[in-house]
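> coords below, sequence missing:
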């Protein structure tokens, strides 16, 4: 819908400017000034929005990816040949060039089984995988924090620990 709204707005501006240009002796000049003032007001509004977003670290200047970048770099430097289980394997692989697999939406024992199958060595937990909670709280063995950056926590993961094979 946004392109249609923009087109409708510019069409309306064009029609109003055309009517002004035809109805007054100096209408063309007046219409040009009116359109210029409207454009300047719109630009000022957009510039203020962008400055506000930048000041408050909103999109497109937010640093949400910083933790993934740091974690990927840490893996590349400290754990070559690692396999990390995460909800965002594509993002982690991009920054680390190390292997990464998706955390299944399953029970903890099934997650361990998948991790053993793929040879997972590290884990980045996600709140959208609540079955990992016993592992992260220490009720179940198998994880040790290895690295942390900007909200991304990387654990070393032993999927065989605490499981009944």
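It's in. Owing to the predicted nature of the structure, the values given are computational and were not obtained by experimental measurement.
> all helices for this protein, in order.
For the chain, the helices defined by DSSP state H occupy 2-23, 27-55, 66-78, 89-96, 108-118, 133-137.
> now mean neighbour count, mean pLDDT and distance to residue 102 too, for the ones you listed, in CSV please.
The way it works is simple: take the backbone N, C-alpha and C, and place the C-beta from them, glycine included. Rendered in CSV, the data for these read as follows (neighbours: other Cβ atoms under 10 Å; pLDDT from 0 to 100; distance: least, Cβ to Cβ, whole Å):
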stretch, mean neighbour count, mean pLDDT, distance to residue 102
helix 2-23, 12, 84, 33
helix 27-55, 12, 83, 32
helix 66-78, 18, 94, 15
helix 89-96, 18, 92, 5
helix 108-118, 17, 95, 9
helix 133-137, 15, 93, 17
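> in CSV: those helices, plus distance to residue 155.
Supplementary listing: the helices of the chain in CSV, determined by distance: least, Cβ to Cβ, whole Å:
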stretch, distance to residue 155
helix 2-23, 42
helix 27-55, 34
helix 66-78, 11
helix 89-96, 13
helix 108-118, 12
helix 133-137, 8
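> out of the ones you listed, flag the one nearest residue 127.
Closest approach to residue 127 among the helices of the chain is made by helix 133-137 (9.3 Å; Cβ to Cβ).
> mind giving me the packing neighbours of that closest one?
Here helix 133-137 is seen to pack against no other helix or strand when contacts are counted using 3 or more Cβ pairs under 8 Å, 6 or more residues apart in numbering; DSSP states H and E.
> which residues touch it?
Outside of helix 133-137, the residues within contact range by Cβ atoms under 8 Å, 6 or more residues apart in numbering are 108, 123, 125, 140, 142-143, 155.
> just the ones in strands from these, please.
Here DSSP state E is the test, and the contacts of helix 133-137 give 123, 143, 155 as lying in strands.
> neighbour count added to those, as JSON lines?
Listed next are those as JSON lines, based on neighbours: other Cβ atoms under 10 Å:
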{"residue": "123", "neighbour count": "26"}
{"residue": "143", "neighbour count": "22"}
{"residue": "155", "neighbour count": "22"}
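> let's have those in JSON lines, adding pLDDT and distance to residue 48.
What follows is the ones in strands among the contacts of helix 133-137, written out as JSON lines (pLDDT from 0 to 100; distance: Cβ to Cβ, whole Å):
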{"residue": "123", "pLDDT": "97", "distance to residue 48": "43"}
{"residue": "143", "pLDDT": "95", "distance to residue 48": "46"}
{"residue": "155", "pLDDT": "97", "distance to residue 48": "43"}
